[in-house]
Each structure stands twice: as C-alpha cells, then as structure tokens.
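**Student:** sequence first, then the predicted structure:
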Amino acid sequence: MARIELPEIFQDGMMLQRDKTIKVWGTVTGAKRLRISLCNDMEEAEIHGVTFYCELSKQNAGVGLTLSIFVDEEEAPEVTISNISIGDIYIAAGQSNMEYFLRYDAHWNDVKKWERNDDIHMFNCKRIAFEGQKRELPDSGSWFLEHDFQWETFSAPGYSFARSLQPVIGVPVGVIGCNWGGTPACAWMDWSCFDEEPLHVFKEEYQQALSSMSEEEIKNKSMEGWAFEDSYEHQIDWRAMMYGMNEEDQKEWMERNAGDPAVPLGPYHHYRPSGLYETMLKKLAPFPVKGVLWYQGESDAGHADIYDKTFETMIRCWRKLWKDELPFLFVQLAPFGWWLGNDGNGYPAIRERQELVSKLVPGAYMISIMDLGMYEDIHPKEKIEVGERLALLARGKIYGEDILCESPEFIKAERIENKLILHFSDTGKSLTLKGEEIKSLKIWQGKQIKEIETFSLDTSVTLTFESLSEDPIEIQFAKEGYCEVNLFNEALLPVKPFSVVCL
C-alpha cells in the first residue's frame, strides 16, 4: 500500500500562489509512479528514492478547487486536497512585533466584531527550535479563516495586511506566519552566510557560547528551560506582559521571575545562527508565494553597525532558497525607550541601516511607524495600522497603483536669510501636523539650540528664526531611541528620521 506524506502546508482549505508554477513535493513509499492534477492539468512527479517533486502549470485566481494525487495506474486518487483557493500569498516573518498576537492589538475589541471575509486565509508555521522538539502548538500547522480559534493568536500585522489588501486586489489573499519573538536575523539565514565578512561575528559568538559549558550541561539546561517556557503557568504570566505593563510593574515582574530557568545559547536555542532557517523556513520552501512581510531588528541592536549587511544577506539567502526574486516589504523600528531592562539606544542606528537597505536592495521597500511607538513597551499596540501601511506599500510597489504609499523623505535644506527650508519627497499635496509644534525636531548652530519663531508647511517646512549666523546648522529629526513624530504627508504617513548639516 502506498504511503504519501506532504508538507503541512498542503491541507484542505489551503491556498496556492496564482501566476507562478505550482510546486508539490513530499515523500512516498510503496509506489512507482505518482500523477498530480489540478484544474485539468495533470503532471507526473519525479521520484528519487522516497522523495518526489512535481511542477504544475501556472493558474489564475480561483476558489473551491481540488488537488489530487494518483498512485501508479489507479483511477481513484490516493490523496485529495479540497477547497483550495488560488490568489496571492505572503510570508509574515520576523520577531515578536510580527508574531504579535491579534488579541493583544489595541483594536481587538473592534476587530473581533468584523464580518468574516472568506477570501483571507492564514497559516502559522510551527515554532520548532530544534529537530525532534515536541511542543503542543494547536494554533499552528493548519490553514484557517477569520474567527476560527487560531485567529486571535495570529500575527496582527500579517492579518491586517491581508484584510486591507484583499478587497482592493479582488482575489484571495493568504498569509503564512513564519516568525518567532526575540529572534535575531541570523537565526533565519543559511550557515554559509556567516563565512562572509562581517557576518562571521555571529558564528564566532555562537562558538564561544558553546565552549562555555559541556554538551550535557547545555542539553540539560535547555530541556529545563523549554519545559518552563512551554508551561501553562509561564504562558499565562507572559500573556499579562504582552498586553502591556508600566515600567514599575515590569521591574516587579523581572524581580519575581529573576530565577526562572532559561535556555542557554546552543543547539537547542531558537536564537542560534541558522537555527530557524533549518527548522522552519526550509520546510516551507519552495512553496511559491508573492512576497515577504518583514518586521525585525530589535534583537540586532547589539550589532546595529552591520544590520544593513545582515539584512541584505538574509534577503539574498531567502531569494536563493526560493529561486525567486521575492519582494520584501519591511517595517522600520518604532520609537522605544525601556522594556524589561532593554533600551532603544541602538534603534537609531538600526533605522538608518534599514533605510539604507530600502535604497540599495532592489525589491525591498520600507514603511515607517515613527508615530506609533511606546516609551515603556517594545511592542507597540497599534499593529492594525502597521498592516494597513504594508498593504498600501504593496499596492504601490507590487501592484503598480499610482498612489502615495511611502513616508516623506528629507531631500535637502536651504538657507535664505533668517529662514531654513526643509524639502521632502513623497509629501502629496502638502505636509500636515498633528499638534501645535513640530516634535522631535532639533536644530543647533554652534552649541546654542536655536529657537524657532514661526514655521509653515506645504510640500516643504519653512522655519523662521530671529537670526541666523553664517555658521553651519545641524538639523536632527527623530534620531533618538524614543521620540514622538507628528509630521505627516497627505496619506498620513510619518516623516522618516533624518540628520543633516546645512552649511
């Protein structure tokens, strides 16, 4: 009797990517021949030992379809996957701000009342740190719709992206959650990436961590740490943190949990270089998708100086794995001050390098959320807005709509007597201000902070001073770890951080 096993992504109610070759693969025993059919297209699979692979023709968008797998000369299918939709699929990847459960969002009480859209499909990859790990993950490993039980623990930005995009493009939209809180970018990259300068630092730090204790000690501490991590008591305790705590309550929480078991960096830790690339990402590839949504960088603040190289290499790694120049839509880190002993001091450097990637890497596009940060929480609660901005960016950059979809970017500053004029791109008809003064704008001339007498807005910002000397003027906007941004373009997208010296 034949036995066929497919990756978990192949299930009833699944989605397939339109307008790209459909790829089906898995393992088979007890069969010499496999035929796979979809939409009147039937192809024979290549079988090598116990593995098989098959490519089916590109298809247009559709719903209610069936994929069948036939064994040898049998006329009845051995495997039938029903209720398939074909449309556009995106991977929602990164760390906790992408993983961030919908139930924690500031708008959850309103969102859960929305009428279900059956053309939005979601799938969560199982978060497995090492091969053979056994975890109870009932909300992962299956396709689902809005209001199904898995929905409230799905990525809030990923879901919001689909909810915003689907009615506009008019075809089914799928989002595959492949994310895990706290993970550095190096966890999502092939090991060979760390042979390159300057990324070798991740391999060196990992090898140093391995040398700090014996294999047996690492394993024992890891198993103890995972048992605690997955315990019901810890999950309930952590849930309270994710809903949000003030700084005083956080310090009390840290003291109460100071002695909790922790997984050391090693072969059982999900932060280790290339770990999740092997245990999560590679199991998803080469499942065709439209693109990637990426929200990550917090855990790379310690290596902010190389984040552009890290992120660029990761994008190249994923595109090589998929053999597809996938577009990346990503989120610039929000303002942040302090959370569980961590601070946002390294964030300005990360933001600079994120913007650099958006300029230098073809097909990589960035949204700014500099107006959505929280001082005492690394997890801003307005994730619906994040997804909406990603969808707007997709409409402009992937679907080619002629819309304002990017934040204003500083172009140049010019001096005219006692006036300073700041010019921006992507403003729309005019910049707009929420409030009475431009927050997070700092100006120096020499050591003296210059007071602004008046200002005016159109597609530029004109600042009037009592007087200006001939000395250079240093201008900084939103360059702190935490700041407040209240200057927007016509689409209500915030001005991106910048700094410049005007001679």
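**Tutor:** Received, thanks. Numbering: from 1, shown residues only.
**Student:** quick one: buried residues of stretch 102-109?
**Tutor:** 102-108 (16 or more other CB atoms under 10 Å). For the C-beta atoms, the positions are set from N, CA and C on the backbone; glycine is no exception.
**Student:** tabulate these (JSON lines), appending secondary structure.
**Tutor:** Shown next, in JSON lines, are these (DSSP: H, G, I helix; E, B strand; the rest coil):
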{"residue": "102", "secondary structure": "helix"}
{"residue": "103", "secondary structure": "helix"}
{"residue": "104", "secondary structure": "helix"}
{"residue": "105", "secondary structure": "coil"}
{"residue": "106", "secondary structure": "coil"}
{"residue": "107", "secondary structure": "coil"}
{"residue": "108", "secondary structure": "helix"}
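**Student:** now pLDDT and distance to residue 349 too, for those, in a markdown table please.
**Tutor:** Conversion of the buried residues of stretch 102-109 to a markdown table gives the following (pLDDT from 0 to 100; distance: CB to CB, whole Å):
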| residue | pLDDT | distance to residue 349 |
| --- | --- | --- |
| 102 | 98 | 31 |
| 103 | 98 | 33 |
| 104 | 98 | 28 |
| 105 | 98 | 28 |
| 106 | 98 | 28 |
| 107 | 98 | 31 |
| 108 | 98 | 33 |
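**Student:** dump those to TSV, plus distance to residue 331.
**Tutor:** TSV is the format used below for these (distance: CB to CB, whole Å):
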residue	distance to residue 331
102	16
103	20
104	17
105	15
106	17
107	17
108	20
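**Student:** so, low pLDDT: which residues of the stretch 301-450 of the chain?
**Tutor:** For the stretch 301-450 of the chain, no stretch is flagged by pLDDT under 70.
**Student:** ranges for the helices of it?
**Tutor:** 307-322, 347-360, 383-397 (DSSP state H, counting those that start in this stretch).
**Student:** where exactly do the strands run in the stretch 201-350 of the chain?
**Tutor:** 291-295, 328-331, 338-339, 342-343 (DSSP state E, counting those that start in this stretch).
**Student:** most packed of the ones you listed?
**Tutor:** Ranked by mean neighbour count, the strands of the stretch 201-350 of the chain are led by strand 291-295 with a mean of 26 (mean count of other CB atoms under 10 Å).
**Student:** mean confidence for that one?
**Tutor:** The pLDDT scores in strand 291-295 average 99.
**Student:** now do the buried residues in stretch 250-266.
**Tutor:** Under 16+ other CB under 10 Å, the buried positions of stretch 250-266 are 250, 253, 263-266.
**Student:** closest one of those to residue 299?
**Tutor:** Distance to residue 299, by CB to CB, is smallest for residue 265 among the buried residues of stretch 250-266, at 12.3 Å.
**Student:** now do the contacts for that closest one.
**Tutor:** Contact partners of residue 265, counting by CB atoms under 8 Å, 6 or more residues apart in numbering, are 206, 209, 271-272.
**Student:** ok, now residue 143?
**Tutor:** Under the criterion of CB under 8 Å, 6+ apart, the neighbours of residue 143 are 11-15, 121-123.
**Student:** now it: closest residue in space that isn't a chain neighbour?
**Tutor:** In this structure, residue 143 finds its nearest non-sequential neighbour in residue 13, 4.4 Å apart by CB to CB, 6 or more residues apart in numbering.
**Student:** likewise for residue 139?
**Tutor:** Looking at residue 139 with CB to CB, 6+ apart, the closest residue is residue 150, at 4.2 Å.
**Student:** isn't the one you found up against residue 141?
**Tutor:** No: the pair residue 150 / residue 141 is not scored as a contact, 9.5 Å apart, by CB atoms under 8 Å.
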